[in-house]
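Q: Provide a 3D model corresponding to the input given below.
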Amino acid sequence: MPCMFMKIQNTRKLAGTLMNGGFKLAELPGSRLKNEGLNALHPVVLVPGIVTGGLELWEGKPCSEGLFRKRLWGGSFAEIFKRPLCWLEHLSLDNETGLDPPGIRVRAATGLVAADYFAPGYFVWANLIENLAKIGYEQKNMYMASYDWRLSFQNTEISDQSLSRLKRKIELLYVTNGNKKMVVVPHSMGVNYFLHFLKWVEAPPPVGGAGGLGWCAKHIKAIMNIGPAFLGVPKAVANILSAEGKDVAFFRAMAPGLFDLETFGFQTFQHVMRVFRTWDSVISLLPKGGETVWGDLNRSPEEENVCHSAKTQYLHSSSKESNGNDTDTRRSIQENELAKYGRLVSFGKVASEIPSSQLSLIDPKTYLLFPLNVINNGMSGFITGILYENEPISSTSCEELMTEYDGMSQESIKRVTENKAYTARTLIDLLRFVAPKTMQRAESHFSHGLADNLEDPKYSHYKYWSNPLETMLPDAPNMEIFCSYGVGIPTERSYVYKISPSDRCKSIPLQIDISADGSDNDCLSGGVYFVDGDESVPVVSAGFMCAKGWRGKTRFNPSGIATHIREYQHKPPASLLEGRGTESGAHVDILGNFALIEDVLRVAAGASGTELGGDRVYSGIMEMSEQINIQL
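A: Numbering: from 1, shown residues only. Coordinates of the predicted model:
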């Protein structure tokens with residue numbers, strides 16, 4: 001990892017040297033717009049997403065001596081190599097409370113430096129901050145709303161009053177900047193966090209911020225959501241099932257001993273899973289909306305959109321009208337070429353492809369009920385019976401690597417794989433089985449369903465507030481919402497799994513089947529089915545709410561807040577001089593995209609979505625949205 005960061009720094013130095021030697025880089029959007037007369041107007045609030053914000057140690061165990069107020073996350077990461085087990089212990093949360101364990105206090109770094117760079121030379125918000133500064137922004141009218149991204153959103157208030165601090169800061173910026181409304185710019189999971197805030201801030205105490213109805217209308221001009229994971233990401237499923245995604249699965253297959261040996265004194269995958277499963281925020285990113293949004297065994301919203309490997313058939317170099325009917329090419333794709341993306345997890349390539357009538361299907365509830373009842377009754381330790389081993393594992397080295405797979409028998413794992421395909425509906429049951437404590441804790445804070453009746457009093461509970469399909473936007477008709485995201489990059493959508501060949505203690509029994517590949521024009525590669533997106537978030541998750549769910553006056557948007565889709569066609573850097581690219585659509589790199597930066601600056605300076613040009617659509621999001629049959 002340090003070598004990678006050194007290469008990044010050297011690249012930046014090279015770019016600067018070449019520029020001074022006569023090569024000229026593109027002019028920064030902030031400089032150009034400043035010359036055009038653009039000036040700071042509305043205060044700007046930046047909301048980072050998962051893993052991109054720094055975390056500091058305020059109290060720790062003896063092994064953390066010398067780390068007081070040092071970065072445990074975001075920085076040089078030197079501590080990973082010095083004391084990895086100690087580092088992981090302090091990044092883990094309590095399995096019962098979802099907060100810091102006793103004797104440990106980890107807090108979010110504060111100020112703009114909290115998320116300007118993830119590591120030396122690797123920008124997150126730095127480029128946007130620099131360009132905002134060009135037109136007059138500084139700390140008096142710009143704020144980084146950092147928070148502990150490991151926690152459930154409601155627990156950030158219990159931990160260090162992050163929600164209250166955000167409310168007070170917005171109110172202060174409003175008053176000290178001439179009663180100007182905020183332009184809020186959340187990224188990735190920060191989008192879901194701020195959606196939670198919109199409900200929290202107006203809700204009455206003790207669970208809410210007591211701002212009262214009308215607080216959002218008074219204080220917020222626009223929310224410019226970047227890389228929004230509104231409806232979740234399939235990657236979260238792979239993280240919980242096997243602590244892996246496509247890249248990890250590839251390296252695991254190429255060098256099978258790399259992650260299973262005691263690298264740096266610990267077994268990587270087992271420890272990564274143990275830590276992941278204490279972070280409730282990971283559960284917040286599970287797919288929302290069930291089969292209605294993500295598809296069933298036979299269909300999905302992308303069924304008429306060929307996969308990324310053939311994207312040239314439907315992605316165009318110039319935007320098309322948002323109501324365009326350019327679907328002839330997609331409709332010409334033969335039925336047997338359409339990937340069944342609704343099968344988010346399949347056991348075996350065959351199960352991911354064959355007609356549903358030929359699938360071996362078992363209702364997960366028939367074998368999930370037993371362990372959930374035991375846990376809900378407060379029993380702990382190893383559960384006896386057909387699903388769990390009768391004998392506890394006695395090895396000390398194993399006991400140190402506790403994951404929720406530890407008590408499961410081979411028979412119970414086999415039962416899981418007998419249900420050959422899982423959709424967004426049955427997948428939740430699967431996760432409740434393989435990660436019962438994790439799901440029980442996290443599901444008290446998050447919900448992943450689709451509301452039938454938003455007037456039902458149950459939806460006043462905070463666990464629904466970050467799901468746009470189970471909550472209403474505030475009464476703020478003059479506010480605007482932007483869905484701004486990259487397209488044109490293969491993005492994980494569903495997975496082919498297998499049982500891990502290893503039977504050693506504490507091994508993770510399920511893993512992505514790297515050998516599962518499709519034809520040259522197929523969407524399957526290395527056990528992963530791909531669709532269009534920004535490398536992390538599929539288009540349907542990023543764009544549906546702005547394309548349909550919130551468009552006009554709907555039950556999710558009763559005041560008719562205007563929504564705009566702003567897509568950025570990915571273009572990789574042409575040379576080292578561009579660094580990570582000024583036209584990148586990748587999930588994090590898009591924060592350096594010049595077109596996106598210009599959009600943010602113009603809205604911050606007073607422009608409306610209409611003045612930006614309204615929707616800019618390159619993908620098939622409009623057609624996909626029509627495939628999602630939701631009562632509006």
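Q: chain center to stretch 532-548, what's the gap?
A: 11 Å (Cα atoms, centre = their mean, to the nearest Å).
Q: what helices and strands are in contact with the host helix or strand of residue 625?
A: Per DSSP states H and E, residue 625 falls inside helix 621-627. The criterion is 3 or more Cβ pairs under 8 Å, 6 or more residues apart in numbering; DSSP states H and E, and the helices and strands that helix 621-627 contacts are helix 539-544. Glycine gets a C-beta too; all of them are placed from N, C-alpha and C.
Q: how about the CA coordinates for the helix it packs on, as PDB?
A: Provided in PDB are the C-alpha atoms of helix 539-544 (Å, rounded to 0.1, in the frame of the first residue of the first chain):
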ATOM      1  CA  VAL A 539     -27.300   3.000 -12.600                       C
ATOM      2  CA  VAL A 540     -30.700   1.800 -11.300                       C
ATOM      3  CA  SER A 541     -29.700   2.600  -7.700                       C
ATOM      4  CA  ALA A 542     -28.100   6.000  -8.500                       C
ATOM      5  CA  GLY A 543     -30.800   7.300 -10.800                       C
ATOM      6  CA  PHE A 544     -34.200   5.800 -10.200                       C
END
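Q: so for that helix, mean pLDDT?
A: Mean pLDDT, helix 539-544: 98.
Q: how about stretch 162-179?
A: Rounded mean pLDDT across stretch 162-179 is 98.
Q: buried ones in that stretch?
A: Residues of stretch 162-179 classed as buried: 162, 163, 165, 166, 167, 169, 170, 171, 173, 174, 177 (neighbour count, 16 or more other Cβ atoms under 10 Å).
Q: identify the bridge partners of residue 538.
A: residue 533 (DSSP bridges).
Q: show me the contacts for it.
A: Each residue near residue 538 by Cβ atoms under 8 Å, 6 or more residues apart in numbering is listed here: 233, 234, 302, 491, 492, 493, 531, 532.
Q: repeat that with 6 Å
A: 491, 493, 531 (Cβ atoms under 6 Å, 6 or more residues apart in numbering).
Q: look up how far residue 566 lies from it.
A: Applying Cβ to Cβ, to the nearest Å, the value for residue 538 to residue 566 is 17 Å.
Q: report the mean per-residue pLDDT for the helix or strand where residue 282 lies.
A: Per DSSP H and E, residue 282 falls inside helix 280-284. Here helix 280-284 scores 95 as its mean pLDDT.
Q: likewise for stretch 433-450?
A: pLDDT averaged over stretch 433-450 gives 94.
Q: and that stretch, which residues are buried?
A: Buried residues in stretch 433-450 (16+ other Cβ under 10 Å): 433-436, 438-439, 441-443, 445-448, 450.
Q: over to stretch 471-488?
A: 471-474, 476, 479-488.
Q: now the strands for the stretch 451-600 of the chain?
A: 480-487, 489-499, 510-512, 524-525, 528-533, 562-569 (DSSP state E, counting those that start in this stretch).
Q: just say which of these is most tucked in.
A: The highest mean neighbour count among those, using mean count of other Cβ atoms under 10 Å, belongs to strand 528-533: a mean of 28.
Q: okay, now the unreliable bits of this structure?
A: 1-25, 245-267, 304-337, 367-403, 502-506, 520-521 (pLDDT under 70).
Q: at 90 instead, please
A: The chain contains residues with pLDDT under 90 at 1-26, 75-85, 119-121, 239, 242-276, 303-339, 360-415, 500-509, 518-523, 574-579.
Q: what's in contact with the helix holding residue 282?
A: Against helix 280-284 from outside (Cβ under 6 Å, 6+ apart): 50, 98, 149, 150, 152, 192, 236, 239, 276, 442, 445, 446.
Q: nearest to residue 228 among those residues?
A: residue 192 (8.0 Å; Cβ to Cβ).
Q: could you check how far the closest one is from residue 232?
A: In terms of Cβ to Cβ, residue 192 sits 9 Å off from residue 232.
Q: right, I'll leave it there.
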